[in-house]
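[1] Sequence and computational prediction follow.
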Amino acid sequence: MSAIDWSPVRRVIDEQSSFLVTSHVNPEGDAIGSEVALARFLRERGKSVRIVNPSPTPENCRFLDPKGEIILFDADRAGELLAGIEAIFIVDLSSWTQLGPFADTVRRFESIRVCIDHHRAPDAEIAPLSVIDETAAAAGLLVYELIRDAGGPISLPIAEALYAALLVDTGSFRFSNTDARALRAAAELVALNVRPERAYRDAFENRRGAFVRLLPLAFATLGTTSGGEVLWVSVTRRMLEEAGADFEDTEGYIELLRAVRGVEVCALFKEVGAGRVRVSLRSTGKVDLHRFAASFGGGGHAKAAGLTFEGTLEQAVRLVTAGLEALVSG
Ligand SMILES: [Mn+2]
């Protein structure tokens, strides 16, 4: 267990009765798992909780919210969504931009805001009460420690959501953020009857056929620097149409690139709109991608980061890969 002082957060939980939980745009397993676990924990304590997100829940996370209780933020309903809320919990993000269209509403919320996150370079004023621990493998690990600190108990649905959060952010316990603290938490969650095989299948193997139909189209664009230190592939809107796919189906592609011997950095370029390209980046160690992504207005971690590029796909590929090449040879 870490040395985090959870008592101010526990006090908020004890003293307030109506909560809103939110997370970042384009949420994944850590965001949704952390939210669902925290919401269930609060409800089991007799609190009323609403989960409101700036983006819809992706298909690969729906197993975490089978009843579809997560509400998609709608600016026209902002007043209604916040009615009666006494405290907002912001999990797995600590920058305003990551809250997307929900940011303005949260910023104007004058009561209690609590942030629980593990990303670097937080916006200091996002929440007066912030627990930011960059060494935590997942936001879900922090939520786990909070619940433990508060005396639990951790019901099976909470344990499953927390395990999923850990599983996703550690890449099934194989990324460099996998440490004894994360594995200890995982072991305790398994002791609470989480089944690792099923959890893995729910999180990673419940794929649509489009996942493999799109793959050859995307990988036909494979690009590499002369020494093979930088590898990238692109996904265009045309490819999606041809494969009957959407961008969710590209999940896992970048890990395939990372698996290649000698690679230092890999990138996945997604043509998300006319003149907008989303770039996902992974490093095998030498290069700090957080700083690189930040120079393009993006962010993330040292070994996993992302950015959005305004321009054509060709421009994005040219500029970003040139920057990465300079970085790996520097
Ligand atoms: Mn996370």
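    That came through fine. Residues are numbered from 1 along each chain as shown.

[2] what's the burial count for the residue in the stretch 201-330 of the chain positioned nearest to the ion?
    At 8.6 Å from the ion, His301 is the closest residue in the stretch 201-330 of the chain, using Cβ to the ion. Placement of C-beta: from N, CA and C, glycine included. His301: 22 surrounding residues under other Cβ atoms under 10 Å.

[3] residues contacting it?
    Contact analysis of His301 by Cβ atoms under 8 Å, 6 or more residues apart in numbering lists 119-120, 177, 289-290.

[4] Can I get the buried part of those residues as one PyMOL selection?
    Of the contacts of His301, the buried ones go into a single PyMOL selection, burial set by 16 or more other Cβ atoms under 10 Å:
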select buried, resi 119+120+177+289+290
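
[5] Format the contacts of His301 as JSON lines; extra columns: pLDDT and secondary structure.
    Below are the contacts of His301 laid out as JSON lines (pLDDT from 0 to 100; DSSP: H, G, I helix; E, B strand; the rest coil):
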{"residue": "His119", "pLDDT": "88", "secondary structure": "coil"}
{"residue": "Arg120", "pLDDT": "77", "secondary structure": "coil"}
{"residue": "Asn177", "pLDDT": "92", "secondary structure": "coil"}
{"residue": "Leu289", "pLDDT": "95", "secondary structure": "helix"}
{"residue": "His290", "pLDDT": "92", "secondary structure": "helix"}
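
[6] For the contacts of His301, give me JSON lines that also has distance to Val263.
    Below are the contacts of His301 laid out as JSON lines (distance: Cβ to Cβ, whole Å):
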{"residue": "His119", "distance to Val263": "24"}
{"residue": "Arg120", "distance to Val263": "23"}
{"residue": "Asn177", "distance to Val263": "19"}
{"residue": "Leu289", "distance to Val263": "13"}
{"residue": "His290", "distance to Val263": "18"}
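
[7] Filter the contacts of His301 to keep only those in contact with the ion.
    Among the contacts of His301, no residue is within reach of the ion (Cβ under 5 Å from the ion).

[8] From the contacts of His301, pick the one nearest Glu134.
    Arg120 (5.4 Å; Cβ to Cβ).

[9] and stretch 114-129, which residues are buried?
    114-120, 122-123, 126-127.

[10] Give me the phi and psi angles of the residue of the stretch 201-330 of the chain closest to the ion.
    phi -120, psi 180 (degrees, to the nearest 10).

[11] what pLDDT does it get?
    His301 is assigned 83 on the pLDDT scale.

[12] Also Gly68?
    We have a pLDDT of 96 for Gly68.

[13] send the alpha carbons of stretch 113-122 over as PDB?
    Written as PDB, here are the backbone C-alpha positions of stretch 113-122 (Å, rounded to 0.1, in the frame of the first residue of the first chain):
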ATOM      1  CA  ARG A 113     -14.100  18.600  -7.000                       C
ATOM      2  CA  VAL A 114     -11.800  15.600  -6.300                       C
ATOM      3  CA  CYS A 115      -9.300  14.400  -8.900                       C
ATOM      4  CA  ILE A 116      -7.700  10.900  -8.700                       C
ATOM      5  CA  ASP A 117      -5.200  10.300 -11.400                       C
ATOM      6  CA  HIS A 118      -1.800   8.900 -12.500                       C
ATOM      7  CA  HIS A 119      -0.900  11.100 -15.400                       C
ATOM      8  CA  ARG A 120       2.000  13.600 -15.500                       C
ATOM      9  CA  ALA A 121       1.700  17.400 -15.700                       C
ATOM     10  CA  PRO A 122      -1.700  17.900 -14.100                       C
END
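
[14] and stretch 299-313, which residues are buried?
    Applying a neighbour-count criterion of 16+ other Cβ under 10 Å, one finds 299-309, 313 buried in stretch 299-313.

[15] who's Gly91 bridged to?
    Small correction: residue 91 is Val, not Gly. Here Val91 shows beta-bridge partners Ile116, assigned using DSSP bridges.

[16] Could you do Val52 as well?
    Ile71.

[17] what number of residues lie near it?
    23.

[18] Could you count how many residues lie near the residue of the chain at minimum distance from the ion?
    Nearest residue of the chain to the ion (Cβ to the ion) works out as Asp30 at 3.4 Å. Neighbours of Asp30 under the rule other Cβ under 10 Å: 28.

[19] Can I get the helix or strand hosting it as PDB, trimmed to CA atoms?
    Using DSSP states H and E, Asp30 falls within helix 29-44. Extracted in PDB, the C-alpha atoms of helix 29-44 (Å, rounded to 0.1, in the frame of the first residue of the first chain):
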ATOM      1  CA  GLY A  29     -10.800   0.300 -19.600                       C
ATOM      2  CA  ASP A  30      -9.000   2.200 -16.900                       C
ATOM      3  CA  ALA A  31     -11.300   5.200 -17.100                       C
ATOM      4  CA  ILE A  32     -14.500   3.200 -17.200                       C
ATOM      5  CA  GLY A  33     -13.300   0.600 -14.800                       C
ATOM      6  CA  SER A  34     -12.300   3.200 -12.200                       C
ATOM      7  CA  GLU A  35     -15.600   5.100 -12.600                       C
ATOM      8  CA  VAL A  36     -17.700   2.000 -12.300                       C
ATOM      9  CA  ALA A  37     -15.800   0.700  -9.300                       C
ATOM     10  CA  LEU A  38     -15.900   4.100  -7.500                       C
ATOM     11  CA  ALA A  39     -19.600   4.600  -8.300                       C
ATOM     12  CA  ARG A  40     -20.500   1.100  -7.000                       C
ATOM     13  CA  PHE A  41     -18.500   1.600  -3.900                       C
ATOM     14  CA  LEU A  42     -20.200   4.900  -3.200                       C
ATOM     15  CA  ARG A  43     -23.700   3.400  -3.800                       C
ATOM     16  CA  GLU A  44     -22.900   0.500  -1.500                       C
END
